[in-house]
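Asks: Structure of the sequence below:
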Amino acid sequence: MVRPRRELDVVDTFRVPRVLRLEQLCGKLRSSRSTVLRRLDEHGYYSSYNHSGRFLTIGEVAEFDSRGLWVWKTARFSRHGNLKQTVTFLVEDSKQGMTHEELATLLGVRVHNTLLELVQDKRIHRARLGPAFVYLSRKASVRARQVRRRKSVLSQPKKPRPH
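Replies: Numbering: from 1, shown residues only. Next up is the predicted model:
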């Protein structure tokens, strides 16, 4: 005999607090890990791209910015997926490519190893432009535009900094 499916209100569970660990979610919903994961898959959820993906949230309570990023306390989330997927999206979407420093500042995490793996997997391209490496689209036509824009920015005279 098949047990009837118990309704789990995933959305209400995330109202306060807006971010939970899987163990907390299982406790609040009084359900097994596999049941909670099934319900999350059906609903759609985001796991943090830092803290080894330990924190979870759902779109109804997350407040993503125009770049698809959201920070809640120390947990960082992206509409684009995990850290590799997010870095790939940001590089592909950028007008002039992005440096390691720009990505690390934007994402709030160290991205050195992620960038190295993405370059080795040929998911993004890397070129030295000016004093730093710039990470660029894997698509040649997009990459050419990014390089032109980056070189244009680099050729502009630096504004003096106030003392």
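
Asks: got the CA positions of stretch 141-151 in CSV?
Replies: What follows is stretch 141-151, C-alpha atoms only, in CSV (Å, rounded to 0.1, in the frame of the first residue of the first chain):
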residue,chain,number,x,y,z
SER,A,141,33.5,37.2,-31.9
VAL,A,142,32.5,38.2,-28.3
ARG,A,143,36.1,37.9,-27.1
ALA,A,144,37.3,40.3,-29.9
ARG,A,145,34.8,42.9,-28.8
GLN,A,146,35.8,42.4,-25.1
VAL,A,147,39.5,42.9,-26.0
ARG,A,148,38.8,46.0,-28.0
ARG,A,149,36.8,47.6,-25.1
ARG,A,150,39.4,46.6,-22.5
LYS,A,151,42.2,48.1,-24.6
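
Asks: Quickly note the distance from residue 131 to residue 154.
Replies: Noted for residue 131: a distance of 9 Å to residue 154, by Cβ to Cβ, to the nearest Å. C-beta coordinates here come from the backbone N, C-alpha and C atoms, glycine included.

Asks: who has more neighbours, those two?
Replies: The neighbour count for residue 131 versus residue 154, taken as other Cβ atoms under 10 Å, is higher for residue 154 (14 against 7).

Asks: can you give me the strands for this protein?
Replies: Secondary structure of the chain by DSSP state E: the strands cover 20-21, 46-47, 55-57, 69-72, 75-78, 98-99, 125-129, 132-136.

Asks: what's the longest helix along the chain in contact with?
Replies: Counting residues, the longest helix found in the chain (DSSP state H) is helix 140-155. Applying Cβ atoms under 8 Å, 6 or more residues apart in numbering, the contact partners of helix 140-155 are 92, 94, 95, 96, 97, 125, 127, 129, 130, 134, 136, 137.

Asks: Just the buried ones from these?
Replies: Among these, those classed as buried by neighbour count (16 or more other Cβ atoms under 10 Å) are 92, 94, 96, 97, 125, 129, 134, 136, 137.

Asks: what sits against the second one?
Replies: It refers to residue 94. By Cβ under 8 Å, 6+ apart, the contact set of residue 94 is residue 146.

Asks: From residue 116, how far off is it?
Replies: Counting by Cβ to Cβ, the gap from residue 94 to residue 116 is 18 Å.
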